[in-house]
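A.B. asks: Return atomic coordinates for the entry below.
(one chain, ligands or ions: 1)
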Amino acid sequence: ALLAGTAHAQASWPSQSITLVIPFAPGGPTDAVGRMLAEAMSRDLSVSVVAQNVGGAGGTIGVNRVAQARPDGNTILLHNIGMATAPTLYRRLPYNPLTSFEMLGLVTATPMVWLTRPDFPVADFPAMLARIRESGERINLGNAGLGSASQLCGTLLQASLGTRFTTVSFAGSGPIYPELMGNRLDIYCDQTTSAIPFIQARQIKAMAVTTPQPLPAIPGVPTASQSLPGFEIAIWHGLYAPAGTPKPVQDRLNAALRFALADARVVERMTGLGSPPEPVARQNGEVHRAHLAAEIERWRPVLQAAGQFAD
Ligand code: MLT
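C.D. replies: Okay, the predicted model is just below:
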């Protein structure tokens with residue numbers, strides 16, 4: 001009877017609204033992607049998928065919320081490359097990315113762009129680098145906390161320049177933009193998903209993109225690798241459910257993810273923000289798991305060399 005009951009519960013899933021945890025503040029890149037996903041997945045699943053922002057500690061608070069949630073498919077997570085960097089950065093992470101979650105598929109890979117406040121007195125990326133070399137700790141860099149994408153980008157710049165900035169951490173990119181536009185922070189490295197609208201509105205200055213080629217959406221912005229050979233980074237996002245979520249429910253969530261990433265409006269909006277959906281073959285849990293495992297190993301030595309850790 002118990003088995004039959006379980007099977008029935010799975011067959012009738014979903015029967016209530018689903019919470020999609022976004023482990024950063026509203027108004028940032030994860031929020032932008034997550035809200036598009038939630039809307040399109042709701043249409044496929046015929047229940048509402050409600051995006052819930054749970055920011056703090058570089059995303060690890062929201063991630064842990066989902067690690068602790070009941071594994072019934074009603075609480076899921078969208079997270080970025082931080083899933084792979086946090087295990088090295090946090091000595092006491094309360095979850096294990098590879099064993100606390102089921103992987104539901106890769107969502108998107110997003111370039112980053114180096115930004116400055118409107119009044120920062122430099123005309124281009126080489127001048128920005130020169131000023132950082134001169135001013136060191138007098139430069140204020142915003143980031144979304146240890147284990148965020150922006151923190152990784154800032155760490156890579158500090159490592160390549162052999163310098164340290166003064167870092168000011170926020171619960172996500174969303175709250176950083178008013179500080180940057182208000183000239184209270186000097187520089188920021190963010191994903192194009194959030195940055196492009198501000199760049200196009202000329203509210204902040206774009207200095208360099210982290211792609212091998214310039215981006216059509218922001219023509220005239222050079223690549224970072226022109227000035228710093230090898231400075232290339234793409235931020236990937238994946239969808240997760242708590243470990244133990246029944247396989248049929250995982251499969252249904254994966255189907256809803258694929259539905260959302262094939263939606264013409266989603267494709268158009270994400271592409272315009274520099275962040276088109278991953279190829280269909282990567283919208284897959286096994287590919288996602290292998291990618292996460294490889295990314296943990298890839299970033300570990302880089303972050304250990306940079307030497308900034310949390311307890
Ligand atoms: C956000 O959504 O606020 C960002 O993804 C933060 C980050 O990881 O830099």
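A.B. asks: Residues of this protein that sit close to the ligand?
C.D. replies: Contacts of the chain with the ligand, taken as Cβ under 6 Å from any ligand atom, map to 24, 28-31, 80, 82, 144, 148-150, 172-174. Bear in mind the C-beta positions are built from the backbone N, C-alpha and C, glycine included.
A.B. asks: got a winner among these for most neighbours?
C.D. replies: When neighbours are counted by other Cβ atoms under 10 Å, residue 30 leads the residues of the chain next to the ligand with 35 neighbours.
A.B. asks: check which helix or strand covers it.
C.D. replies: Counting by DSSP states H and E, the element that carries residue 30 is helix 29-45.
A.B. asks: Could you give me the buried positions within that helix?
C.D. replies: Under the neighbour-count criterion of 16 or more other Cβ atoms under 10 Å, helix 29-45 has 29-42, 44-45 buried.
A.B. asks: Does anything pack onto it? Which helices or strands?
C.D. replies: If contacts are counted by 3 or more Cβ pairs under 8 Å, 6 or more residues apart in numbering; DSSP states H and E, helix 29-45 sits against strand 18-22, strand 49-53, strand 75-79, strand 101-116, helix 192-200, strand 234-242, helix 247-262, helix 264-272.
A.B. asks: Outside of the last one itself, list whatever touches it.
C.D. replies: Right, the one you point to is helix 264-272. Residues outside helix 264-272 that contact it (Cβ atoms under 8 Å, 6 or more residues apart in numbering): 33, 36-37, 40, 108, 193, 196, 217, 260-261, 276-277.
A.B. asks: In contact with residue 226, which residues?
C.D. replies: 125, 208.
A.B. asks: Residue 14 now?
C.D. replies: Contact analysis of residue 14 by Cβ under 8 Å, 6+ apart lists 45-47, 73-74, 252.
A.B. asks: how close does the residue in the stretch 151-300 of the chain that the ligand sits nearest to sit to residue 142?
C.D. replies: Using Cβ to the nearest ligand atom, the closest approach of the stretch 151-300 of the chain to the ligand is made by residue 172 at 3.0 Å. Separation of residue 172 from residue 142 (Cβ to Cβ, to the nearest Å) stands at 10 Å.
A.B. asks: ditto for residue 171
C.D. replies: Distance of residue 171 to residue 142, given as Cβ to Cβ: 11 Å.
A.B. asks: So between these two, which is more surrounded?
C.D. replies: Of the pair residue 171 and residue 142, residue 142 is the one with more neighbours under other Cβ under 10 Å, namely 27 against 24.
A.B. asks: Near residue 249, how many other residues are there?
C.D. replies: Residue 249, neighbours per other Cβ under 10 Å, totals 21.
A.B. asks: ok, it touching residue 75?
C.D. replies: No. Between residue 249 and residue 75 there is no contact, the gap being 11.5 Å when judged by Cβ atoms under 8 Å.
A.B. asks: which residues do these two both contact?
C.D. replies: Shared contacts of residue 249 and residue 75, counting by Cβ under 8 Å, 6+ apart, come down to residue 241.
A.B. asks: hmm, back to that, adding pLDDT and distance to residue 91, write the residues of the chain next to the ligand out as a markdown table.
C.D. replies: Converted to a markdown table, the residues of the chain next to the ligand look like this (pLDDT from 0 to 100; distance: Cβ to Cβ, whole Å):
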| residue | pLDDT | distance to residue 91 |
| --- | --- | --- |
| 24 | 98 | 22 |
| 28 | 97 | 26 |
| 29 | 97 | 27 |
| 30 | 98 | 24 |
| 31 | 97 | 28 |
| 80 | 98 | 21 |
| 82 | 98 | 16 |
| 144 | 97 | 20 |
| 148 | 97 | 17 |
| 149 | 98 | 21 |
| 150 | 97 | 21 |
| 172 | 98 | 23 |
| 173 | 97 | 26 |
| 174 | 97 | 28 |
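A.B. asks: Pull the most distant pair out of those residues.
C.D. replies: Using Cβ to Cβ, the pair of the residues of the chain next to the ligand lying farthest apart is 82 and 174, separated by 15.6 Å.
A.B. asks: Quick check: of the contacts of residue 14, which lies closest to residue 103?
C.D. replies: residue 73 (13.9 Å).
A.B. asks: what about the residue of the stretch 151-300 of the chain closest to the ligand, which SS state?
C.D. replies: coil (DSSP: H, G, I helix; E, B strand; the rest coil).
A.B. asks: Now do the same contact list for it.
C.D. replies: Counted by Cβ under 8 Å, 6+ apart, residue 172 has contacts 24-28, 30-31, 53, 55, 144, 148.
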